[in-house]
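Asker: got a sequence here, can you build the structure:
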Amino acid sequence: MPLKYYIFTYDNLMEQRKTALFDFDGVIVDTEPIYDIFWHEAGKRYNIGIENFQDVIKGTTLPDIIIQYFSDRPEEERQKIFREASEYEATMPLPAMPGSIDFLRLLKSHQVKLGLVTSSDMAKITRAISMYNLENLFDTIVTADRITKGKPDPMCYLLAASDLQVPPGDCLVFEDSFAGVQSGTAAGMRVIGLSTTNSAESLQDKVYKVIPNFEHITFDDYLKW
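Answerer: Down below sits the predicted model:
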């Protein structure tokens, strides 16, 4: 076949891998230990009776947490828990994961489509975008406000792919929680796992590649994935 055919095909294949979908907590920002403090204490205070409750709920939206673990409580108590969690989230620190902001900007400089897919609400994401000057960086943002089924359901990632008009199989997902990994995998996407919340050993058989964070990750690494 003519050389031109091979070049055309190679370029198309490269384009198919140029959609990156990022979880937020535990991926872009190192907030999971901060969440752990709140939910560990809340689990004890409200007598949940689940060991390591803060680990069980990782990757779950706040409405789903209330439905799954507090549905037997009076409405007034459910509202109180929701309000406490929302107020905590509205003021909690949002420290960047090592290398995450630079990596996002690196991909954007190479015309990679970027999506943010998170179980957090839009108010928190708006605060982070302003804090790190990420305006106009993401081509789509899917938050808990936009979905009716949270992770591990694939709805959020499928919605992001639909927003960007790309096939799910052409998306690369960056996740840290088991629920998030399951969500991306169920959506038919390749998942890169960050061992920021769970150990590399516990992730390695569930994802395509495990990385500790985004430090020293190059664009060539991204293309290989």
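Asker: next secondary structure after the strand or helix carrying Val191?
Answerer: Assigned by DSSP states H and E, Val191 falls within strand 190-194. The helix or strand immediately downstream of strand 190-194 is helix 200-203, counting by DSSP H and E.
Asker: run the chain-centre distance for that next one.
Answerer: Counting by Cα atoms, centre = their mean, to the nearest Å, helix 200-203 is centred 17 Å from the centre of its parent chain.
Asker: from the chain's centroid, how far away is the strand holding Val191?
Answerer: Per Cα atoms, centre = their mean, the centroid offset for strand 190-194 relative to its chain is 10 Å.
Asker: which other helices and strands does the biggest helix by length in the chain contact?
Answerer: Criterion DSSP state H: the longest helix present in the chain is helix 75-91. With contacts defined as 3 or more Cβ pairs under 8 Å, 6 or more residues apart in numbering; DSSP states H and E, helix 75-91 has these neighbours: helix 32-45, helix 62-70, helix 122-131. C-beta coordinates here come from the backbone N, C-alpha and C atoms, glycine included.
Asker: dump that helix to CSV, restricted to CA.
Answerer: This file holds the C-alpha atoms of helix 75-91, laid out as CSV (Å, rounded to 0.1, in the frame of the first residue of the first chain):
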residue,chain,number,x,y,z
GLU,A,75,-35.8,12.9,57.3
GLU,A,76,-34.5,15.6,59.7
GLU,A,77,-31.4,13.5,60.5
ARG,A,78,-30.7,12.8,56.8
GLN,A,79,-31.0,16.5,56.0
LYS,A,80,-28.6,17.3,58.9
ILE,A,81,-26.0,14.9,57.6
PHE,A,82,-26.4,16.2,54.0
ARG,A,83,-26.0,19.8,55.3
GLU,A,84,-22.9,19.0,57.4
ALA,A,85,-21.2,17.2,54.5
SER,A,86,-22.0,20.0,52.1
GLU,A,87,-20.7,22.7,54.4
TYR,A,88,-17.5,20.7,55.0
GLU,A,89,-17.0,20.2,51.3
ALA,A,90,-17.6,23.9,50.6
THR,A,91,-14.6,25.0,52.8
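Asker: in CSV, list the C-alpha atoms belonging to stretch 31-51.
Answerer: The C-alpha coordinates for stretch 31-51 follow below in CSV (Å, rounded to 0.1, in the frame of the first residue of the first chain):
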residue,chain,number,x,y,z
THR,A,31,-8.5,15.4,49.1
GLU,A,32,-9.2,11.8,50.0
PRO,A,33,-7.4,12.0,53.4
ILE,A,34,-9.4,15.1,54.2
TYR,A,35,-12.6,13.4,53.4
ASP,A,36,-11.5,10.5,55.5
ILE,A,37,-11.4,12.7,58.6
PHE,A,38,-15.0,13.8,58.1
TRP,A,39,-16.6,10.5,57.2
HIS,A,40,-14.7,8.5,59.8
GLU,A,41,-16.0,10.8,62.5
ALA,A,42,-19.5,10.9,61.0
GLY,A,43,-19.6,7.1,60.8
LYS,A,44,-19.0,6.9,64.5
ARG,A,45,-21.2,9.8,65.5
TYR,A,46,-24.2,8.5,63.6
ASN,A,47,-23.5,4.8,64.6
ILE,A,48,-23.2,3.5,61.1
GLY,A,49,-21.7,0.2,62.3
ILE,A,50,-19.5,-0.2,59.3
GLU,A,51,-15.8,-0.6,59.9
